[in-house]
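**Q** no sequence on this one, just coordinates:
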């Protein structure tokens, strides 16, 4: 699939902000199975300082400083991304989860793609005995790891309610777990906490979902904003496999990766410091349109 991605993130402030520093992760990069053929990124108002780097996990990061008084801050992202379909796997043929846990104990790789970085507690995903006990139901002795991860994903999808009003960006995973409600960020954190509690590596992935589904299919939850899902390490042969608990789907051509890390704090689209009084309001608009559909719409114009 080839997608044209258009995203606008806008902050409106109740009082003028004299100075701000932002850390922005809003541009996708090439990854296995994903190729960025074009991208453009801009902000308003004009910054006095702009530097771009890559973080440890390979995500593109822009450091921005604004010294013009402003009541709005906008980020515009445009990109064309090609996504390849992941190979079809037999979950029952994946290694036993105990074997994967043992492989982690012997892992000597400390590179960015190593599972060793994703098996320990992190800032937004501390280990939790209740979540671990709940997750363990999907991993009886000898259970193939991918089959267990899919079962866990489906249980989370079935037992939890997608409710944007139940949580906010700072809600701890255990609170969302106890409420059995939340959004994609909460579901990803809960699933990661359960897997890590069992000694299994799990990473947090942020990105985009196809905005409009193929004919005859329902629209995916989370398609209106930046989405989140989980990547589970299934051993040296199968490597990392994406699972979307919000929609109970294996990540495939409907998913475009923006950034990955240990939890949301590693991949937050926008962070930083804003100096000024009052409140702020956030609006996000996202379109992830197949190129053929985009060309059809242009032709009708």
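**A** Perfect, I can see it now. Everything numeric in this text was worked out from a predicted model, so none of it was measured. Numbers count the residues shown, from 1 in each chain.
**Q** Hmm, residue 91 and residue 147 touching each other?
**A** Yes - if you go by Cβ atoms under 8 Å, residue 147 and residue 91 touch, sitting 4.0 Å apart. C-betas here are computed from N, CA, C, even on glycine.
**Q** which ones are touching residue 151?
**A** Listed by Cβ atoms under 8 Å, 6 or more residues apart in numbering, the contact set of residue 151 reads residue 138.
**Q** That one looks like it's in a helix, true?
**A** Yes - checked against DSSP: H, G, I helix; E, B strand; the rest coil, residue 151 lies within a helix.
**Q** ok, for the residue most central in space within the chain, nearest residue in space, not its chain neighbours?
**A** Using Cα atoms, centre = their mean, the residue of the chain that lies closest to the mean C-alpha position is residue 206, 1.7 Å off. Residue nearest to residue 206 in three dimensions, not counting chain neighbours: residue 267, with 4.5 Å by Cβ to Cβ, 6 or more residues apart in numbering.
**Q** What helix or strand is the residue nearest to the centre of the chain located in?
**A** strand 202-209 (DSSP states H and E).
**Q** Please name every helix or strand in contact with that strand.
**A** strand 2-17, helix 184-197, strand 227-233, strand 255-261, helix 264-267, strand 280-290 (3 or more Cβ pairs under 8 Å, 6 or more residues apart in numbering; DSSP states H and E).
**Q** Now do stretch 57-65: everything it contacts.
**A** 19-29, 31, 41, 43, 47-55, 112, 258-261, 266-267, 272.
**Q** rewinding a little: note down every partner strand of the strand holding residue 206 and its orientation.
**A** Sheet partners assigned to strand 202-209 using DSSP bridges are listed as strand 227-233 (antiparallel), strand 255-261 (antiparallel).
**Q** doesn't residue 166 make contact with residue 179?
**A** Yes - the pair residue 179 / residue 166 is scored as a contact, 5.8 Å apart, by Cβ under 8 Å.
**Q** hey, where'd the helices end up in the stretch 1-150 of the chain?
**A** With DSSP state H, counting those that start in this stretch as the criterion, the stretch 1-150 of the chain has helices at 97-105, 129-136, 145-159.
**Q** I'd like the ones you listed written out as a markdown table, with distance to residue 87 added.
**A** Below are the helices of the stretch 1-150 of the chain laid out as a markdown table (distance: least, Cβ to Cβ, whole Å):
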| stretch | distance to residue 87 |
| --- | --- |
| helix 97-105 | 19 |
| helix 129-136 | 26 |
| helix 145-159 | 12 |
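**Q** what would the ones you listed look like in CSV with mean pLDDT?
**A** Below are these laid out as CSV (pLDDT from 0 to 100):
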stretch, mean pLDDT
helix 97-105, 95
helix 129-136, 98
helix 145-159, 98
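**Q** Point out the most buried one among those.
**A** helix 145-159 (a mean of 20; mean count of other Cβ atoms under 10 Å).
**Q** C-terminal to it, what's the next element?
**A** Downstream of helix 145-159 (by DSSP H and E), the next one is strand 161-162.
**Q** Now find how far off-centre that next one is within its chain.
**A** 17 Å (Cα atoms, centre = their mean, to the nearest Å).
**Q** Give the pairing partners of that strand; include direction for each.
**A** In its sheet, and by DSSP bridges, strand 161-162 pairs with strand 181-182 (parallel).
**Q** ok, and what's touching the strand it pairs with?
**A** 160-163, 166-167, 171, 176, 190.
**Q** number of nearby residues for the nearest residue to residue 56 once chain neighbours are set aside?
**A** Of all residues not flanking residue 56 in the chain, residue 112 sits nearest, at 5.8 Å (Cβ to Cβ, 6+ apart). A count of neighbours around residue 112, defined by other Cβ atoms under 10 Å, yields 14.
**Q** for residue 112, what are its contacts?
**A** 56-58.
**Q** Can you tell me which of these has the most neighbours?
**A** Busiest of the contacts of residue 112 [other Cβ under 10 Å] is residue 57, holding 16 neighbours.
**Q** Just give the nearest non-adjacent residue to residue 135, would you?
**A** residue 194 (2.7 Å).
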